[in-house]
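Participant: Generate a structure from the sequence data that follows.
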Amino acid sequence: MSLRTLDALTELERILQLAGSRVEVRVVREVDCRGTTLPVYAIALGNPAPQVPAIGFFGGVHGLERIGAEVVMAYLQSIVTRLTWDHTLHRQLESLRLVFMPLVNPGGMALGTRANPRGVDLMRNAPVDALEPVPALVGGQRLSARLPWYRGVAGAPMEEENQAVCEVVAQELLPRAFSMSVDCHSGFGVQDRLWFPFAHTRQALHHLAEMYALQAIFRQTYNTHPYVFEPQSLQYLAHGDLWDHLYLQSRAQSEAVFLPLTLEMGSWLWIKKNPRQLFSRHGIFNPLIGHRQERVLRRHLWMLDFLTRAACSAESWVPQDNQRHALHAEALQHWY
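Facilitator: Numbering: from 1, shown residues only. Below is the predicted model of the structure:
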């Protein structure tokens, strides 16, 4: 297999070449894919000072869900292009840190598989066990890498790709007083959803009031937005969720606010409009018609830009102590 067969990696490296010295680039890990070494890139720009907020954008965790990586890369390219002319963006980056990992699982992307080349589902691989019953197989299994949703060997270190994500999050996001992340996926239902932890329990996370406040300003800003904003546990529970693990890690380290979100694009809508996609493994998770893919990219870029602005302006909407109790109670009634 040649690197040229991995179109997503070629596109990412084209964007990085376009960006040049305007962004910080490093290879966090190099992973083996059937004898070929593939890089896991992390890209950062903006103010590195720990006093400023940050937001991270992640994609390509599941190699089969190509559209997730493409959404993150489209937003990265938008940022890179705007750096050449947008003075407002430059001022924003003086008080904000942006982090991108568009292609977390390059081996899975090259092979066209949900799992990494070792057969491990990266979203079932973290050391978090569900506290309540999970759906068979879908919730994570340790029977065999030949079956989907394989968690990996019990007690083994996390896969290299997940270690790369954890390293970047630990260095760039968790040390700050406020940070957010968005992990882009596809394949669930006919609606686009913004999920937040937990996946391993139906209990509410500590920062429920902050999530509720974020949803409120989202609705106020875009009152016709197409997203369902909800905890993942309303849909299903799972073992080994990576963002549950990182959120719990953030809670153990400090009182900082870390809000991890997962964009779950409703790919069943694409199948409804083009039923022939059912006969393609890629078609179940990605729009296969050109104009529909362009529409999907346009549909989500404004949302990612909103979240960037929300992170930069966190001090204006994050509830303070005298508000948190009331908002927490409202959120419990709304979601639970």
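Participant: Doesn't Ala311 belong to a helix?
Facilitator: Yes - counting by DSSP: H, G, I helix; E, B strand; the rest coil, Ala311 is found in a helix.
Participant: For this structure, just list every one of the helices.
Facilitator: 7-19, 66-82, 87-93, 106-111, 160-172, 208-221, 242-253, 268-273, 290-312, 321-335 (DSSP state H).
Participant: and those, which one's lowest on average pLDDT?
Facilitator: Of all the helices of the chain, the minimum mean pLDDT falls on helix 268-273 (a mean of 56).
Participant: For Trp243, give me its contacts.
Facilitator: Ser181, Asp183, Pro197, Ala199, Pro260, Thr262 (CB atoms under 8 Å, 6 or more residues apart in numbering). Using the backbone N, CA and C atoms, a C-beta is placed for each residue, glycine as well.
Participant: what's around the residue nearest to Asp241 when sequence neighbours are not counted, how many residues?
Facilitator: Leaving out its chain neighbours, the residue that sits closest to Asp241 by CB to CB, 6 or more residues apart in numbering is Ala199, at 3.8 Å. The number of residues packed near Ala199 is 30, by other CB atoms under 10 Å.
Participant: what residue is smack in the middle of the protein?
Facilitator: Asp183 (0.6 Å; CA atoms, centre = their mean).
Participant: Pretty sure Gln232 sits against His200.
Facilitator: No - Gln232 is not in contact with His200 according to CB atoms under 8 Å; the separation is 9.4 Å.
Participant: Common neighbours of the two, please.
Facilitator: Shared contacts of Gln232 and His200, counting by CB under 8 Å, 6+ apart, come down to Ala238, Asp241.
Participant: What separation do you get for Met123 and Arg202?
Facilitator: To Arg202, Met123 is 18 Å away according to CB to CB, to the nearest Å.
Participant: More neighbours: which of those two?
Facilitator: Using other CB under 10 Å as the criterion, Met123 and Arg202 rank with Met123 on top: 26 against 14.
Participant: Low-confidence regions, the stretch 101-250 of the chain specifically.
Facilitator: 188 (pLDDT under 70).
Participant: Restricted to strands, list the contacts of Trp243.
Facilitator: Ser181, Asp183, Pro260, Thr262 (DSSP state E).
Participant: Give me the neighbour count for the third one.
Facilitator: Pro260 is surrounded by 27 other residues when neighbours are defined as other CB under 10 Å.
Participant: State the pLDDT value of it.
Facilitator: Per the predicted model, pLDDT is 98 at Pro260.
Participant: Leaving out sequence neighbours, find the closest residue to it.
Facilitator: Trp243 (4.2 Å).
Participant: now swap in the second one and tell me
Facilitator: Nearest residue to Asp183 in three dimensions, chain neighbours excluded: Phe58, at 4.4 Å (CB to CB, 6+ apart).
Participant: just Val23 next, same as before
Facilitator: Leu45 (4.6 Å).
Participant: quick one: the one you found from Phe58, how far?
Facilitator: 16 Å.
Participant: next one: Ser186
Facilitator: 14 Å.
Participant: So for those two, which sits in the more crowded spot?
Facilitator: Neighbour comparison, Ser186 and Phe58: the larger count goes to Phe58, with 28 against 25 (by other CB under 10 Å).
Participant: quick revisit: and Gln232 and His200? Which one has more around it.
Facilitator: Between Gln232 and His200, His200 has the larger neighbour count (other CB under 10 Å), namely 25 against 21.
Participant: Kindly export stretch 18-28 (C-alpha atoms) in CSV.
Facilitator: Below are the C-alpha coordinates for stretch 18-28, written out as CSV (Å, rounded to 0.1, in the frame of the first residue of the first chain):
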residue,chain,number,x,y,z
LEU,A,18,-0.5,25.7,2.3
ALA,A,19,-0.4,26.8,6.0
GLY,A,20,3.4,26.8,6.2
SER,A,21,4.8,28.4,9.2
ARG,A,22,1.5,29.9,10.3
VAL,A,23,0.6,26.7,12.2
GLU,A,24,2.5,24.4,14.5
VAL,A,25,2.6,20.8,13.2
ARG,A,26,4.0,17.7,14.8
VAL,A,27,3.7,14.0,14.3
VAL,A,28,2.4,12.7,17.6
